[in-house]
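Enquirer: sequence and predicted structure, then a few things I'm wondering about:
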Amino acid sequence: MSRILVTDLDGTLLGGTRDDRRRLRDALARRPDVTLVFATGRGLASVREVLRDPLVPKPRWIIADVGATVIDAADFTAVEPVQDQLRAGWPGPDRVRAALRRFPALSYQHGVQQDGRCSYHLAPGRLTGELTAAVEALGCSWVYSAGRYFDVLPLEASKGNALQTLAGKLGWRPDEMLVAGDSLNDLSLFRLGAHAVVVAGAEPALLAALAAAPPVHHPRRAGAGGIHAALRHLGWVSPATDRCARRHSLVVAYHRPPLHWNGASWQPPASPNGILPTLTSAFADGLPGVWVTALTGDDRQATRPHRSGLPLSFVPLGTAEWSGYFHRACKETLWPVLMSEPDRSRFDEQAWAAYRAVNARFAQQVSAEAALGATVWLHDYNLWLVPGLLRAARPDLRTGLFHHTPFPPPDVFATLPVAAELRASLASLDWAGFHTARFADRFRRTLADLPDLADLPRIAVHPLGIDRPAIENLARRRTPRRRPATGRVVLSVERLDYAKAPVQKVDAIDHLLTHRRELRGRLTFRLVCPPPEPGITAYDTTRRQLERRITEINTKWRHDGWQPVDYLPRSLSAAEVVAEYLAAEVFWVTSLQDGMNLTAKEFIAAQSALPQHRADGPGILVLSRHTGAAAELGDAALLTDPHSSEDLSTVLARALALTPAERRRHMAQLSRLLGHGRPADWAERITGAIRDCRAEVLPAPRR
């Protein structure tokens, strides 16, 4: 027997609390036998906007324009035999508007894209017999709803007629359908003899019109909560299915938590890396599921639960366990190889045992949180062994991993003593994602010659963006910088890491001042470089070299209270960082290897938000050729090669010499290339890609 849920959008499917909407979406995801049909007064363009919301389940069919449009949602094409029948005799919008121009009470909805209808605002009490007669004289029908919307439609068009015609084409019976609505323009749906639900808070006129109708379910919950109650009432969603809802259809795993306990309260990290704000924003914007993350150190001493609203599932780890896993295995063994500097890699059996153990703990937690057939989205090299563990224990799951770091060439990857173990696990993925095509190709070649590998994981390129509106808002509310600089400011904001080439930058400043006398006393290189977390020793040599060179160069060039390098070895708040972006004439990114580099994108967003804030034109971005951002932004930035000290100083000098007009042209190109995609959009594309990898029925998990 078929099951078809036909629902209005505004006030119905889109109504209720966020928890109601999430619960309904997840219930429908667990019942693929229920076909979802939208029946809405919105136009198709507006429906597309609604579908950007991750809390909205995806329909199979769309009835739009109050029944004048019928769409196959698989490819967004019109179901022409049905739609043509509904629009028969339609005189067209121009004729309708001309005929109704004599009714001043009508206000045409100019901001609403309309197809096959004309929509007006009409105040209560202004609906007259003369007006409805004028519509009927045109050979049209009309519907008035919510005390303000007056829609003129083709004679045969209504939500009910559209559904009845579509049902006839597809062979649906009334007893197989549940219709849901809340306003008078849904009334025609309730006259088809289908199961029916009017959600709480519905328009009184609809309730009055249905008073003598066959039984209609009237739940006490509004919107999506009311629909879910009706599904339960019909038995389409069972209590057992709801109990399974405690497990999640999407599980995200990333080792770093978005909050830390400071002894008194939970706070976000002072200087989070790119994926933390991205995942935080995506979950806040409605990404479903749960986030599995580590609970370590002082966080385990928290005396009260976090109130972030984020769905966090913690993996408690002891201090020694975390140190072996993260400080040593991740940062001393794997990180140098990812940066294509295998000579720096140090392998230790005990540290690797901790890496294995922590990955096993994450796999267990993911498995415990994941519903049957769930989508699992892992993040970064820190969880490279989880895919193999999940494939063995939970073959029903669809598992993807996004690499935020560079991926090394196959010969560099092979230098790892545990390369075979890692390759076997990575081959268990259903999907692997990267910032650039180059990193994706390296991954493909690394796995290509594995024995007994039937199929490679699906591999895709999805460059990560930033929460641009958040950066722009901070820019518009910018606070004064606390450390005024002398002259022209060259800025870098990066964590302490040899891969960021901080020592090379300081050497380049020395070279520039040696050959450009006019910059002495008139240039400040501000290096915001917070240290790694306590316990990481992999960067100690870099820190000592950096601080020694800063002291040497400042001593060499210092005069009259000026020194060329302003070193800030601490974290800044997001607002402080944005203030630094706005004050910089040049933003200098010199990574030897980098997956993306989101600070470059943040700089563009901040500068573009206030295009007139500098009289000499916007700042300029100098960007390493070896970043993922360079693959997107190209020559709109000034590209530099940090492996060449000559190139570093030459390109920086070129940036300082650009005219205001040239700066404006570069920033306009950068702003256009940056785009306005939201983290939630990026996350939804990737989770959808992972979910679609294996559509066949999969075996149940082991008990």
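Expert: Nice, I can see it.

Enquirer: before we move on, what SS does the closest residue to residue 508 other than its chain neighbours have?
Expert: With C-beta to C-beta, 6 or more residues apart in numbering as the criterion, residue 508 has its nearest non-adjacent residue at 3.9 Å, and that residue is residue 648. (Each C-beta comes from the backbone N, C-alpha and C, glycine too.) Classification of residue 648 using DSSP: H, G, I helix; E, B strand; the rest coil returns helix.

Enquirer: now do the contacts for residue 648.
Expert: 504-505, 507-508, 511, 590, 640-642 (C-beta atoms under 8 Å, 6 or more residues apart in numbering).

Enquirer: looking at the sheet around the nearest residue to residue 691 once chain neighbours are set aside, what are its partners?
Expert: Counting by C-beta to C-beta, 6+ apart, residue 691 lies nearest to residue 375, which is 4.6 Å off, once chain neighbours are set aside. In this entry, residue 375 is beta-bridged to residue 250, residue 398, by DSSP bridges.

Enquirer: residue 375 and residue 689 touch, don't they?
Expert: No. Assessed by C-beta atoms under 8 Å, residue 375 is found out of contact with residue 689, at 9.6 Å.

Enquirer: what touches both of those two?
Expert: Each of residue 400 lies in contact with both residue 375 and residue 689 under the rule C-beta under 8 Å, 6+ apart.

Enquirer: neighbour count winner among those two?
Expert: residue 375 (28 against 19; other C-beta atoms under 10 Å).

Enquirer: OK, contacts around the more buried one?
Expert: Contacts for residue 375 (C-beta under 8 Å, 6+ apart) come out as 249-251, 289, 397-398, 400, 687, 690-691.

Enquirer: can we see that at 10 Å?
Expert: The contact partners of residue 375, taken as C-beta atoms under 10 Å, 6 or more residues apart in numbering, are 29, 248-252, 288-289, 397-400, 430-431, 686-693.

Enquirer: also residue 358?
Expert: Contacts of residue 358 by C-beta under 10 Å, 6+ apart are 255, 294, 315, 317, 321-322, 324-326, 329-330, 382-383, 385-386.

Enquirer: for PyMOL, what selects the buried ones among the residues you listed?
Expert: A single PyMOL command selects the buried members of the contacts of residue 358 (16 or more other C-beta atoms under 10 Å):
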select buried, resi 255+294+315+317+321+322+324+325+326+329+330+382+383+385+386
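
Enquirer: the contacts of residue 358 in strands, which ones?
Expert: 294, 315 (DSSP state E).

Enquirer: show the average pLDDT along the strand or helix carrying residue 513.
Expert: Residue 513 is part of helix 502-515, with elements assigned from DSSP states H and E. Helix 502-515 carries an average pLDDT of 96.

Enquirer: same deal with stretch 674-681?
Expert: Average pLDDT, stretch 674-681: 87.

Enquirer: go on, stretch 335-344?
Expert: Mean per-residue pLDDT for stretch 335-344: 96.

Enquirer: can you give the contact residues for that stretch?
Expert: Here stretch 335-344 makes contact (C-beta under 10 Å, 6+ apart) with 329-330, 332-333, 345-346, 380-382, 403, 405-409, 411-416, 419, 439, 442, 497-499, 536, 538-539, 541, 591-595, 626.

Enquirer: just the buried positions in that stretch, please.
Expert: In stretch 335-344, counting by 16+ other C-beta under 10 Å, buried: 335-342.

Enquirer: now swap in stretch 620-637 and tell me
Expert: Buried residues in stretch 620-637, counted by 16+ other C-beta under 10 Å: 620-624, 626-633, 636-637.

Enquirer: just the buried ones from the contacts of stretch 335-344, in ChimeraX syntax?
Expert: Only the buried entries of the contacts of stretch 335-344 go into this ChimeraX selection, using 16+ other C-beta under 10 Å:
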select :329,330,332,333,345,380,381,382,403,405,406,407,408,412,413,416,439,442,497,498,499,536,538,539,591,592,593,594,595,626
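
Enquirer: residues in contact with stretch 92-100?
Expert: Contacts to stretch 92-100, defined as C-beta under 10 Å, 6+ apart, come from residues 90-91, 106, 108, 114-120, 131, 134-135, 137-140, 150, 152-153.

Enquirer: doesn't residue 287 make contact with residue 279?
Expert: Yes. Assessed by C-beta atoms under 10 Å, residue 279 is found in contact with residue 287 at 8.0 Å.

Enquirer: before we move on, the earlier item: ok, then the element right after the helix holding residue 513?
Expert: Downstream of helix 502-515, the first helix or strand assigned by DSSP H and E is strand 523-528.

Enquirer: tell me what whichever helix or strand comes after that next one is packed against?
Expert: Downstream of strand 523-528, the first helix or strand assigned by DSSP H and E is helix 540-557. On a contact count with 3 or more C-beta pairs under 10 Å, 6 or more residues apart in numbering; DSSP states H and E, helix 540-557 meets helix 502-515, strand 523-528, strand 565-568.

Enquirer: now do the helix or strand that comes right after the shortest one, average pLDDT.
Expert: Going back to what we said before, that points to strand 565-568. Sequence-wise, the next helix or strand downstream of strand 565-568 (DSSP H and E) is helix 574-583. If you average the pLDDT over helix 574-583, you get 92.

Enquirer: quick check: neighbours of the next helix or strand after helix 574-583 in the sheet, parallel or antiparallel?
Expert: For helix 574-583, the following helix or strand on the C-terminal side (DSSP H and E) is strand 586-589. Within its sheet, strand 586-589 is paired with strand 488-493 (parallel), strand 620-624 (parallel), according to DSSP bridges.

Enquirer: list the contacts of the residue lying closest to residue 406 once chain neighbours are set aside.
Expert: Computed as C-beta to C-beta, 6+ apart, the closest residue to residue 406 that is not its neighbour in sequence is residue 593, at 4.6 Å. By C-beta under 10 Å, 6+ apart, the residues touching residue 593 are 338-341, 405-408, 439, 499-501, 624, 626-628, 642.

Enquirer: could you rerun that using 8 Å?
Expert: Taking C-beta under 8 Å, 6+ apart, we find residue 593 in contact with 338-340, 406, 499, 626.

Enquirer: what strand or helix carries residue 134?
Expert: Using DSSP H and E, residue 134 maps to helix 129-137.

Enquirer: so how far is the helix or strand following that helix off the chain centroid?
Expert: Counting by DSSP H and E, the next helix or strand C-terminal to helix 129-137 is strand 140-145. From the chain centre to the centre of strand 140-145 is a distance of 40 Å (C-alpha atoms, centre = their mean, to the nearest Å).

Enquirer: the following helix or strand past strand 140-145: partners in the sheet, and parallel or antiparallel?
Expert: The element immediately downstream of strand 140-145 (helix or strand, assigned by DSSP H and E) is strand 149-154. Neighbouring strands of strand 149-154 in its sheet, by DSSP bridges, are strand 118-121 (antiparallel), strand 140-145 (antiparallel).

Enquirer: between those, which one is nearest to residue 680?
Expert: Set against residue 680 and scored by C-beta to C-beta, the strands paired with strand 149-154 come closest in strand 118-121, at 29.5 Å.

Enquirer: re earlier: pLDDT (mean, whole number) over the helix holding residue 134?
Expert: Mean per-residue pLDDT for helix 129-137: 94.
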